[in-house]
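Trainee: Structure, please.
(2 chains)
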Protein chains: 2
Amino acid sequence: MIIIDGKQTAATIRQEIAAEVEKMVRSGRRPPHLAAILAGNDGGSITYVNNKIKDCAEVGFTSSLFRFDESVSEEELLQTVDKLNRDPEVDGFIVQLPLPRHIQEHRIIEAINPLKDVDGFHPVNVGRMATGLPCFVSATPAGIVELLKRYQIKTSGKYCVILGRSNIVGRPLSILLSRKDEYGDATVTLCHSRTPNLKYFTSQADILIAAMGQPGFVTADMVKEGAVVIDVGTTRIPYAQAKSGFVLKGDVLFDEVAPKCSYITPVPGGVGPMTRTALLLNTLKAARKEI
Amino acid sequence: MIIIDGKQTAATIRQEIAAEVEKMVRSGRRPPHLAAILAGNDGGSITYVNNKIKDCAEVGFTSSLFRFDESVSEEELLQTVDKLNRDPEVDGFIVQLPLPRHIQEHRIIEAINPLKDVDGFHPVNVGRMATGLPCFVSATPAGIVELLKRYQIKTSGKYCVILGRSNIVGRPLSILLSRKDEYGDATVTLCHSRTPNLKYFTSQADILIAAMGQPGFVTADMVKEGAVVIDVGTTRIPYAQAKSGFVLKGDVLFDEVAPKCSYITPVPGGVGPMTRTALLLNTLKAARKEI
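Mentor: Modelled structure (predicted):
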């Protein structure tokens, strides 16, 4: 059984990105520039955006943050999106979700220029992904596929079961892994809250991806001997002894599932760091006008 | 075992549409207008477009056809797309595929105004479908879902296996049927040419949808007792005795599979007529500005 080290893999990729940025700068180009829009005071969102900015600094990207109050209007956000769309110094930008309740998220996201949509949430990018055209793929699915590649875990012809049909993880992954592609070509079943007998499906899977946000949901009896298990869950569980006051728990009961696996990702240190790094990879692509 | 009568269902829906059009016209509005762009001399394409125009006449829609030679340039097609995008008298239009080989199909499709894209092929419509937003759904998947609705065949909680991952049938159906929706909420497996043991999956399916284009591929041993079988295949097989010189064959070996099914669609007379009718429904939606 091999524990997939997402932290180390992400660090390696960040070094590769930093080297690319150095090359760009040496050749007289400006470094890639990622902007972020953050509205409201959600603790999780603030942490995520701060981490993204820190990541940018680490690899030599420029970053900028546009912060708004909880009370920001849709109009103000749209104006900022429009400004960033037109700013030639900004290669890509993200709008941190969730937005305040009175904002229609899809209106903001659909206003983003798809060529700067490094989160890959714009319908044009989702649709281009679904039809096999070049596009920005959202960070978590892209990070997972990158992790499989780096560990040379083949997906072609494998049976892959995904738990959770969210728009940012399960749905896009189900599309990516079943596309005609070297790192696709899997037979994929997408399970969700209306699937009557999850164990029936999970116990058949060569590759099991848990993205439900239910800590410890996947137990050993649900997993086939020798399976590859990817745990996307990151639920914060209060824990007084931790400096942050919480620990992250995955959807997989690691201690009992791991011995049955050929490969497994831990939480933390598995998919999480790859998600952050995939955003940097997308920003680099945007700066190079690869899409 | 019930044979799903797509021809009759389509005829009923067309009557409903015709009644709607009459109402629109009585209230002083113009009837819905569908335009079609056809390039080249592919026999199949000409027949399809002619049928669509005939269908428009039957329900009282206006239609118009823009025909081009095989040698048409991308620029000419883009100009026509642009003209139709801006013409307030045209509610929706389609570009009949395949286009001549020297044309980049995706460039033409991405030039269509998504609000007039009644074929639902524009990435914005595919992406909106994948993320659960209002959109135009392409005709074959939309027609199949409509058929399931009219026959009150529940999909929620059912296990659905789809054979074939094309951008116009298998892929969008896999998304539609697994979405959070009364006529979704199925657990869906998408199988394709790289699936090692198709029978393993098909024989577990409550609902089996065959969309591979391989006549007679699905045999009785591949189907679960009591399954719903939807046959999307329509391969033309030369047949001298037929007036047209060919017969249509589905992907399912109907005679041996039908006795095991709870419901099954025949070929012809199953999915085909519903596909044509779904295009009319989309055009009606476009005329009413429902999307």
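
Trainee: where in the stretch 51-200 of chain A is pLDDT low?
Mentor: When residues are selected by pLDDT under 70, none of them lie in the stretch 51-200 of chain A.

Trainee: So which bits of it are right by chain B?
Mentor: With the criterion set to Cβ under 8 Å from any Cβ of the partner chain, the stretch 51-200 of chain A comes near chain B through A:106, A:122-133, A:156-157, A:165, A:167, A:171-172, A:174-175, A:178-180, A:185-192, A:194-196. C-beta: built from backbone N, CA, C; applies to glycine.

Trainee: Buried subset of those residues, written for ChimeraX?
Mentor: Filtering those down to the buried ones (16 or more other Cβ atoms under 10 Å in any protein chain shown) takes a single ChimeraX command:
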select /A:106,122,123,124,125,126,127,128,129,130,131,132,133,165,167,171,172,174,175,178,179,185,186,187,188,189,190,191,192,194,195
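
Trainee: State the distance from residue A:25 to chain B.
Mentor: For residue A:25, the distance to chain B equals 34 Å [Cβ to the nearest Cβ, to the nearest Å].

Trainee: OK, contacts around that residue?
Mentor: Residue A:25 makes contact with A:31, A:60 under the criterion Cβ atoms under 8 Å, 6 or more residues apart in numbering or on different chains.

Trainee: helix, strand or coil for it?
Mentor: At residue A:25 the chain is in helix, as set by DSSP: H, G, I helix; E, B strand; the rest coil.

Trainee: re earlier: in strands, which of the residues of the stretch 51-200 of chain A next to chain B appear?
Mentor: Of the positions in these, A:187-191 sit in strands, assigned by DSSP state E.

Trainee: Closest one of the residues you listed to residue B:150?
Mentor: When these are ranked by distance to residue B:150 (Cβ to Cβ), residue A:190 comes first, at 25.6 Å.

Trainee: OK, contacts around residue A:104?
Mentor: Applying Cβ under 8 Å, 6+ apart, we find residue A:104 in contact with residue A:74.

Trainee: now the strands for chain A?
Mentor: Taking DSSP E as the criterion, chain A carries its strands at A:2-3, A:33-39, A:62-68, A:92-95, A:159-163, A:187-191, A:207-210, A:228-231, A:235-238, A:246-249, A:263-264.

Trainee: Okay, domains of chain A per the record?
Mentor: A:29-113, A:139-272 (automatic domain parsing).

Trainee: which of those domains sits most buried?
Mentor: For those, the largest average neighbour count (mean count of other Cβ atoms under 10 Å in any protein chain shown) is found in domain A:139-272, namely a mean of 20.

Trainee: Can you show me the helices along chain A?
Mentor: A:6-26, A:43-59, A:74-86, A:105-111, A:123-130, A:139-150, A:170-178, A:198-202, A:254-257, A:271-287 (DSSP state H).

Trainee: could I get the ones you listed as TSV with distance to residue A:241?
Mentor: Listed next are the helices of chain A as TSV, based on distance: least, Cβ to Cβ, whole Å:
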stretch	distance to residue A:241
helix A:6-26	21
helix A:43-59	19
helix A:74-86	39
helix A:105-111	36
helix A:123-130	41
helix A:139-150	29
helix A:170-178	33
helix A:198-202	32
helix A:254-257	19
helix A:271-287	21
